[in-house]
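*Asks:* I would like the atomic coordinates for the input below:
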Amino acid sequence: MADAITIHEQGGPEVMRYEEVSVGAPGPGEVRLRQTCIGLNYIDVYQRAGVYKFDLPACIGMEAAGVVEAVGDGVEVVKVGDRVGYVMGAPGAYATERIYPAERLIPLPDDIGDEQAAGSMLKGLTVSYLLRRTFPVQAGQTVLLHAAAGGVGTIACQWLKRLGATVIGTVGSDEKAEIARAHGCDHPIVYTREDFRARVMEITGGEGVPVVYDGVGAAVFEGSLGALARFGTLVHFGAASGPAPAVDPKLLAPKALYFTRPGLAPHTATRELTLDIADALFQKIREGVKIEINQSYDLKDAAEAHRALEARETTGSTIFRV
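*Replies:* Predicted coordinates:
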């Protein structure tokens, strides 16, 4: 038997229960994992709250690191004893053990620890595809990054500086401004008291930026469009403040703007796609990009972690200890 956080109804943090569950043996193409660290992400909140609908009862969570305990028929890409991480696929990461498709596993190099992996699979791979595929940033460009002190933000700031970019980042407090600055953000903007669009225009001499990376959504959508330069791209990859409004093409026309809504799922749809962005992430970690694990909780305290995340009290990455 294993332990897991399960939900029998969708709602607030109180719906999460720490329960004993039966895992069973892996089927063809599957493995059974003994998990060592689990990552917390905002998509977990969406699953718990009902933004995403699925059959209940269910276990939530999308990323973890662990060790292969058993393999099913036909599995050749990993073996018993291998250290692995994973992200996306079916929910179910909030557990001490689980069954998972072998083809979706990411082998962990010896120099990448379990906590690093669990704290960076979703966030780090998101940064990897955003900066390498969605809008490949070039040296000398100035970019706007929302939530610059968060898990994605602290990784992205460091990565962007290594690309030679100037980083403007929005944050919610002076404390978070210092965190963003410490990770490479050149111009932190406390958007709760400053007009970030006006500050972007001031910093860029009225030109705006070629790209805005937006994981916040509703609260910053209008300002983000206004902060873009001619032919700029709004990359809307998350909605921590609520869904962005429907995009009226007439808003894009005056400056011939581009709007895109990428996601991690298409970028991990095959093993080749997954390993491409994972290898790039691991290389950046070797080059000095730090995965900041600023909060850790016991798995049984998942509700407390969700409350902190939704209250925007967290910075960097949060993990659950198993």
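
*Asks:* use CA for all of it now, contacts and neighbours both
*Replies:* Fine.

*Asks:* Could you break the protein into its assigned domains?
*Replies:* 2-119+291-321, 124-263 (automatic domain parsing).

*Asks:* Now do the last one: distance from first to last residue.
*Replies:* So the one you mean is domain 124-263. 13 Å (C-alpha to C-alpha, to the nearest Å).

*Asks:* and that domain, what's its mean pLDDT?
*Replies:* Averaged across domain 124-263, pLDDT comes to 95.

*Asks:* now swap in the longest one and tell me
*Replies:* Per-residue confidence for domain 2-119+291-321 averages out to 95 on the pLDDT scale.

*Asks:* Compute the first-to-last residue distance for it.
*Replies:* Domain 2-119+291-321: ends 14 Å apart by C-alpha to C-alpha.

*Asks:* swap in stretch 305-321?
*Replies:* So stretch 305-321: terminal residues 12 Å apart, C-alpha to C-alpha.

*Asks:* Equivalent analysis for stretch 58-73, please.
*Replies:* 26 Å.

*Asks:* and if you look at stretch 130-139?
*Replies:* 15 Å.

*Asks:* Next, count neighbours for residue 254.
*Replies:* If you count neighbours by other C-alpha atoms under 10 Å, residue 254 ends up with 10.

*Asks:* Is the residue nearest to residue 53 when sequence neighbours are not counted in a helix, a strand, or coil?
*Replies:* In space, not counting the residues next to it along the chain, residue 53 is nearest to residue 47; the distance is 7.2 Å by C-alpha to C-alpha, 6 or more residues apart in numbering. Here residue 47 is recorded as helix under DSSP: H, G, I helix; E, B strand; the rest coil.

*Asks:* Could I get the contacting residues of residue 47?
*Replies:* Taking C-alpha atoms under 8 Å, 6 or more residues apart in numbering, we find residue 47 in contact with 10, 53, 60.

*Asks:* What ranges does this protein have for its helices?
*Replies:* Along the chain, counting by DSSP state H, helices occupy 42-49, 114-118, 121-129, 151-162, 174-182, 196-203, 221-227, 249-252, 264-267, 271-286, 302-310.

*Asks:* isn't residue 82 right up against residue 65?
*Replies:* No: Residue 82 is not in contact with residue 65 according to C-alpha atoms under 8 Å; the separation is 10.7 Å.

*Asks:* Looking at the two, which has the bigger crowd around it?
*Replies:* Legend: neighbour count by other C-alpha under 10 Å for residue 82 and residue 65, higher for residue 65 (30 against 14).

*Asks:* So what pairs up with the closest residue to that one other than its chain neighbours in the strands?
*Replies:* Distances taken as C-alpha to C-alpha, 6+ apart place residue 85 nearest to residue 65, at 4.2 Å, with adjacent residues excluded. Residues in a beta bridge with residue 85, per DSSP bridges, are residue 65, residue 106.

*Asks:* swap in residue 318?
*Replies:* residue 295.

*Asks:* could you measure it against residue 49, distance?
*Replies:* 19 Å.

*Asks:* Specify which residue of those two has the higher count of neighbours.
*Replies:* residue 318 (24 against 17).

*Asks:* For that one, give its distance to residue 41.
*Replies:* For residue 318, the distance to residue 41 - C-alpha to C-alpha - is 8 Å.

*Asks:* swap in residue 119?
*Replies:* Taking C-alpha to C-alpha, one finds residue 119 at 9 Å from residue 41.

*Asks:* Common neighbours of these two, please.
*Replies:* With C-alpha under 8 Å, 6+ apart, residue 119 and residue 41 have common neighbours residue 318.

*Asks:* Could you check which of these two is surrounded by more residues?
*Replies:* residue 119 (29 against 21).

*Asks:* so who does the more buried one touch?
*Replies:* 38, 39, 40, 291, 292, 293, 317, 318, 319.

*Asks:* how near is the third one to residue 321?
*Replies:* Shown here: residue 40 relative to residue 321, a distance of 11 Å by C-alpha to C-alpha.

*Asks:* Please identify which of the two sits among more neighbours.
*Replies:* residue 40 (30 against 17).

*Asks:* quick one: the more buried one and residue 320 touch, right?
*Replies:* Yes: applying C-alpha under 8 Å, one finds residue 40 in contact with residue 320, separated by 7.3 Å.
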